[in-house]
Each structure stands twice: as structure tokens, then as C-alpha cells.
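Novice: no letters, just coordinates:
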């Protein structure tokens with residue numbers, strides 16, 4: 001079980017490993033481009049070399065790439081869908097060049113579709129296109145959503161449908177706050193066991209590659225995406241103690257997405273729970 005955080009790439013991706021080590025990361029997550037749009041900076045062989053050397057020098061065990069926020073594979077606009085597919089394939093290739101263990105993405109909203117079932121099929125076709133002909137080692141991960149406003153991927157059943165349709169070519173990025181907001185309780189040891197019993201039955205724990213590690217500013221099943229520092233929110237220390245103590249999660253990688261001011265404290269809290 002290793003802990004890390006989403007860190008800045010200001011000045012270039014080659015700076016991310018040092019930023020990660022500074023706050024106490026054992027692993028880390030980053031963007032490789034602006035999450036809000038624009039042209040991605042080219043990853044030259046020299047930049048890739050600097051990045052990989054920095055990961056080794058800063059003793060980072062693994063790293064992950066998060067796709068931009070503007071992705072919507074469920075859009076009714078074919079241009080938006082095509083752009084999302086193009087960007088995600090590019091990000092998957094960029095992540096692979098950097099040696100990332102996985103790249104995760106949000107799926108998008110079904111708003112405007114005739115039904116969420118129709119939107120899910122559109123998403124599945126999009127994911128298949130992204131993975132078509134891909135031969136890299138970086139795994140494509142679908143992230144569970146909190147569920148606000150016809151969001152696709154907020155239930156284990158929808159996530160399983162994507163995994164099954166792609167014949168296991170992709171995996172899952174769990175997110176403690178998103179899952180909690182979507183209605184999967186994590187506040188006690190019993191809740192955690194029940195949630196991952198359900199995950200194992202519907203999706204399969206072999207498809208769980210990583211988890212975002214965030215407490216929740218909003219109540220259980222609120223269907224809102226609002227992160228909070230560890231132990232300061234609705235999941236609480238009891239919930240995170242249960243998550244870290246769940247035997248089936250002992251080898252999982254946990255990545256904070258709390259605001260940078262406080263990440264070092266969050267990481268220290270998580271390590272204390274692991275070591276205690």
C-alpha cells in the first residue's frame with residue numbers, strides 16, 4: 001500500500017517528481033497538459049529522459065496521468081465525442097512514453113441523450129476506439145463518478161459494462177469521495193466490507209488499479225463532487241482507517257486530490273493509519 005498526491009507540472013512534467021517528493025509522496029499523479037484545454041507541450045526524448053531520471057532520483061515507485069477535465073465520451077455532439085476520443089488516445093500514448101502505470105479519466109454526462117443506457121453504449125464505443133491498436137503498457141482507467149446530473153460511471157454496474165465490453169482492456173480508478181457521494185458507504189469497517197464485496201461481485205477486484213483518496217465535504221449519497229482533507233469530512237478517520245485496514249486493498253495505490261495546502265499533512269495522516 002503506497003500513498004501519493006496529484007502534483008503540479010509547472011515548468012514542465014520533469015518537475016513533477018520533485019514536487020511529489022517535497023510533500024512526502026511515494027507515488028504521484030499529474031496532468032501532462034492543461035486540464036482545461038489548449039495544445040499539449042511536446043514530450044521530447046530529452047524531456048522524457050529528464051522525467052524518468054527525476055522519478056528515480058526522487059524515489060517515486062509509480063506515477064499516474066489524469067486526463068483533462070473537458071472530456072465527454074457521452075456527448076450528443078459528435079465533434080465533442082471525436083475530440084474526447086482523440087485527446088484520450090493522445091494522453092494514453094503520452095502516459096506510456098513517460099512510463100506511467102495508468103491513465104485515468106472521467107467519462108462525461110449523458111445530458112441530451114434519449115436515455116442513460118443509450119449514452120452508456122456511446123461511451124463503450126468511444127472507449128473501444130481509444131484502445132483500438134494500442135500496444136502500450138500504461139493501463140486505461142475509468143474513474144467512478146459522484147453522480148451529479150446524468151453522469152455516466154457512477155455505479156458499479158455501469159463501470160462493469162464498460163470493462164466487460166472492452167474484454168478487460170481497461171481498469172477502474174476508485175475515488176473514495178465520488179463513491180461515497182454516489183451512494184457507496186465507507187464510514188465504518190462494515191460499510192467498507194459491504195462496498196468492496198459488491199465491487200468484487202459486480203466488477204472484480206482484479207480490475208481495481210488505483211484509488212483517489214479524498215474525504216467528502218458533502219453528505220453520503222449527495223451525488224456531489226466535493227473533496228475534503230483526510231479525517232475532516234463525512235467519511236472521517238474511522239472510514240479511512242477501515243479502508244486502509246481492508247485486507248483486499250493492501251496492495252492498492254492511493255492518490256490524494258485534496259488542495260496542495262494541506263497535502264503533506266494528509267499524507268502523514270494516511271501513513272500513520274497504515275503504520276499504526
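Specialist: Nice, I can see it. Since the structure is predicted, the reported quantities are computational estimates derived from the model, not experimental observations. Numbering: from 1, shown residues only.
Novice: C-alpha only now, for contacts and for neighbours.
Specialist: OK.
Novice: where's residue 78 relative to residue 126, distance?
Specialist: As for residue 78, its distance to residue 126 is 11 Å (criterion: Cα to Cα, to the nearest Å).
Novice: which of these two has more residues huddled nearby?
Specialist: More crowded of residue 78 and residue 126, by other Cα atoms under 10 Å: residue 126, with 21 against 11.
Novice: helix or strand for that one, which one?
Specialist: helix 116-131 (DSSP states H and E).
Novice: avg pLDDT for the next helix-or-strand element following that helix?
Specialist: Counting by DSSP H and E, the element after helix 116-131 in chain order, helix or strand, is strand 139-143. For strand 139-143, the mean pLDDT works out to 98.
Novice: pull out the buried positions in the following helix or strand past strand 139-143.
Specialist: Using DSSP H and E, the helix or strand that follows strand 139-143 towards the C-terminus is helix 156-165. Within helix 156-165, the residues that qualify as buried are 156, 158, 159, 160, 161, 162, 163, counting by 16 or more other Cα atoms under 10 Å.
Novice: ok, stretch 34-49 next?
Specialist: Buried residues in stretch 34-49 (16+ other Cα under 10 Å): 43, 48.
Novice: one more: stretch 251-270?
Specialist: Per 16+ other Cα under 10 Å, stretch 251-270 contains these buried residues: 253-258, 263-264, 266-270.
Novice: can you check stretch 8-23 too?
Specialist: Buried residues in stretch 8-23, counting neighbours by 16+ other Cα under 10 Å, are found at 8, 9, 13, 14, 15, 16, 17, 18, 19, 20, 21, 23.
Novice: if we can go back for a sec, what's next to the helix holding residue 126, contact-wise?
Specialist: 73-75, 81, 85-86, 88-89, 107, 110, 113, 150, 152, 158, 162, 165-166, 169 (Cα atoms under 8 Å, 6 or more residues apart in numbering).
Novice: measure how far that helix is from the centre of its chain, please.
Specialist: Distance of helix 116-131 from the chain centroid (Cα atoms, centre = their mean, to the nearest Å) equals 19 Å.
Novice: likewise for stretch 79-94?
Specialist: 17 Å.
Novice: same question, stretch 73-92
Specialist: With Cα atoms, centre = their mean, you get 18 Å for stretch 73-92.
Novice: quick one: average pLDDT of that stretch?
Specialist: pLDDT averaged over stretch 73-92 gives 96.
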